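Provide a 3D model corresponding to the input given below.
(2 chains)
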Amino acid sequence: MSTVVSTSKLTKSFGKQIAVADVSLEVKSGEVYGLIGPNGAGKTTLIRMLCGLFSPSAGEGTVLGFNISLDKARIRERVGYMSQGFGLYGDLTVDENLRFYADIYGVRDADYIAKVRRRLGLEEVASHIVGGLPTGVRQRSALAAALVHRPQLVVLDEPTSGVDPIARDAIWQLVGELVSEGLTALVTTHVMPEAQHCDRLALLAEGSLVAAGTPNELIERSGLKVACIDATPWREAFALIQARWPESALYGTRIHIPVSGHGAEEQAIRDVLEGLEVRSLSWQPPSMEDAFIALVDAAARNQKTF
Amino acid sequence: MGARSRHARVVPTIKEISLIAELCVQCRPTKRGGYLVDPKDEKSAQAPKTGSKSAAAPLADTRWSSSGSGRRLAAITRKEFIQLARDRRTVALMVGMPLVLLIIFGYGIRLSVGNIVAELVGHDSPAIRVALGEQNHFKVLPTVAKSESAARKDLLDGRTSVAVIVGATGLPSSVLVDGSNAFVAQNSLDYLRSLTGSSAVQPVNVQVLYNPTLRSADFMVPSEVGMIMLWVGTVATAIGVVREREQGTLEQLMMTPIRKLELMLGKILPYSALTLVIAVVITILGLLLFQVPLRGNPLELLLFAVPYLVSALSIGLLVSTIAQNQRQAMQTTTFILLPQILLSGALFPLAAIPWGIRWVSQLLPLTYFTPISRDIFLKGLGFSELWPQVAVLCGMAVIFTSLATIFFKTRLD
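Predicted structure coming up:
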């Protein structure tokens, strides 16, 4: 596995505001790498540096072997980019858009463009005006436009924002398929459950890298477990639990409590619920969102101790 | 950005060589990007290094070849034309408005006012009635106002614009003119002066040159050509760029190998063509509908229009660097164009503009194009007489384009 993207202490500040701080990460070829974090975490700024739109304020990085500060133009030629805002021209047809981007990238191979169109299932809508297409098809068209010049790396900035859940899954599946065929994808999202579609992830918060690894590694590293309690009467049980663990939540009639270190906690839960019937108490891995919050908290605590 | 990219271009030489070497080795790291490769293509994909290098060739060095630049420019130009053809509203605005303006200026606006309502005060005088009624300059009310105060009341009410007080001898003793509409008042005074002149003083022989009948259309159409080019050129360019920003396509474009200068030119070229076509259409319509004479060389007019047009488009680009959306672009253009039209001498003579703001006029391209257009149309002048204006326009084109380029580049970062 070779390295496609590698950054070292990459930093970007706009005036006094630091958008990206000391981010070091590595994307290997043939993986779906997710940049996950809430809006304003610095994902887009990081991506723009990697694609050669911004120069880093400090630190360095390479994309496809090219230095991101010195070889912006070469990187731009070789990376496929799908912007957060819809990047295609709404008043052109799918084909006109593809041809436009092919021309911009200097691609003359009409067969290849046809192949991309076929692979992404756009043949039937080729002569449709893009603006009138359903969002899922529009996203596919945008992805096609990002692939016309045979990039080895595609960078997808929030490809699923504003897309309905079915189309969202379809996009992830398509990206997964293309990656299994040899593409590398760097994808940002602020929707935590989408992390499951990524081979590896970097969690970003307030411009800093909180943690990086596979989804399972990150969940494990958060040290969280979720207690899943079925108690009756559940309303009273939940009121009691919530007083002690405000972060607890109700799923149907089951109560979920994300806690770290479940050995001692199990007894505490049983103590709180004393007098009520606890039908079952089992432990689950936390959701990505819970893990993310725990990791961010841990990072913040670490910073304070320094 | 400019400084950094220059820096990047100075440093490489050695670095570039090593990078190219690196590229040959690293560009296709393990397996060549195998996605979207049909089984039958698989063989070529696994061809020896030289083969895979040539497969990467189409995009390898487009940046340095001029043909890549030409292709990108052509791509944007083509795209703009397709978009323009589909955007009926904008086309209607671009083509329709100049036509409406042409008709308003040609038919509607008269620089001379006729049938000004006048009233005799005190005594009736058939002689004065006849004199005033000549050439339909005035329309004299059949009634006679009893007193000066009654006449003033009529002036105040707007029933009349001029009151001629006639003495018992039947000769006018004084004249009251409603000055609230300066245009009508000025015309009235001119007519009245010519009347008194003819009776009392030896008539002065006045000869009007170039536009002997003082037709409004002859005066308006040549300056309208300039105003319309300014309007269409500025608005179209500003909106063309701002629309990309608004729709998010600009962000996408900036991530492609396109250079800012290519983008800028790709925006300017289609709209220059459009503007020139509209200017030619307006000129031809002016000639046909209003029989405006075109005494000079039309090709010279077209040629001198180019630096003027470039200035107008650059102003449009400058607007596009300020405006965030199309509405702001429209408002900003109006804000810039209105004073330009008022202060350039296209509608009102430059001599009427007070010295305090005359310097503003000197900064406006239209101020220099209006005499060019008017003198080629009406006086049949050419480069030998008009070169000072042409030179100023060329200078302005250079300055505005440079400003636009600088702002355009920095704003896109």
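
could you use CA atoms for every contact and neighbour count after this?
Fine.

report the central residue of chain B.
By CA atoms, centre = their mean, the mean C-alpha position of chain B lies nearest to residue B:230, the distance being 1.1 Å.

show me what whichever helix in chain A runs longest is packed against.
Looking across chain A with DSSP state H, the single longest helix is helix A:288-305. Where contact means 3 or more CA pairs under 8 Å, 6 or more residues apart in numbering or on different chains; DSSP states H and E, helix A:288-305 is packed against strand A:208-213, helix A:215-221, strand A:224-232.

elements contacting the next helix or strand after the longest one?
As assigned by DSSP states H and E, the chain's next helix or strand after strand A:224-232 is helix A:234-244. When contacts are defined as 3+ CA pairs under 8 Å, 6+ apart, helix A:234-244 sits against helix A:262-272.

next SSE downstream of the helix it packs on?
In N-to-C order, the element after helix A:262-272 by DSSP H and E is strand A:277-284.

would you say residue B:152 is within a helix?
Yes - the assignment for residue B:152 is a helix, going by DSSP: H, G, I helix; E, B strand; the rest coil.

OK, contacts around it?
Counting by CA atoms under 8 Å, 6 or more residues apart in numbering or on different chains, residue B:152 makes contact with residue B:163.

and it, what's its pLDDT?
With respect to pLDDT, residue B:152 has a value of 86.

just residue A:120 next, same as before
Looking at residue A:120, its pLDDT stands at 88.

give me the contacts around stretch B:378-395.
Contacts for stretch B:378-395 (CA under 8 Å, 6+ apart): B:210-211, B:218, B:293-297, B:300, B:304, B:307-308, B:311, B:365, B:368-369, B:372, B:375-376.

and residue B:69, which of the three is it?
Judged by three-state DSSP, the three-state class of residue B:69 is helix.

wait, it touches residue B:260, no?
No - the criterion here is CA atoms under 8 Å, and residue B:69 misses it with residue B:260 at 11.0 Å.

and these two? Which one has more around it.
Set side by side, residue B:69 and residue B:260 show more neighbours around residue B:69, with 20 against 16, by other CA atoms under 10 Å in any protein chain shown.

quick check: which element contains residue B:175?
Following DSSP H and E, one finds residue B:175 within strand B:172-177.

each with direction, which strands does that strand pair with?
Strand B:172-177 sits in its sheet next to strand B:162-166 (antiparallel), going by DSSP bridges.

mean confidence for the strand it pairs with?
Strand B:162-166 comes out at a mean pLDDT of 85.

return the set of buried residues in that strand.
B:162, B:163, B:164, B:165, B:166 (16 or more other CA atoms under 10 Å in any protein chain shown).

which of those residues sits closest to chain A?
Distance to chain A across these (CA to the nearest CA) is lowest for residue B:162, with 58.9 Å.

any idea which helix or strand carries residue B:263?
helix B:260-290.

show me what counts as buried in that helix.
Using 16+ other CA under 10 Å as the test for burial, helix B:260-290 gives B:260, B:262-272, B:274-276, B:278-283, B:285-287, B:290.

got the contact list for the helix or strand following it?
Later in the chain than helix B:260-290, the nearest helix or strand by DSSP H and E is helix B:298-322. Under the contact criterion CA under 8 Å, 6+ apart, helix B:298-322 has outside partners B:229-230, B:233-239, B:241-242, B:268, B:272, B:329, B:332-333, B:365-366, B:369, B:372-373, B:376, B:382-383, B:390, B:393-394, B:396-398, B:400-401, B:403-404, B:407-408, B:411.
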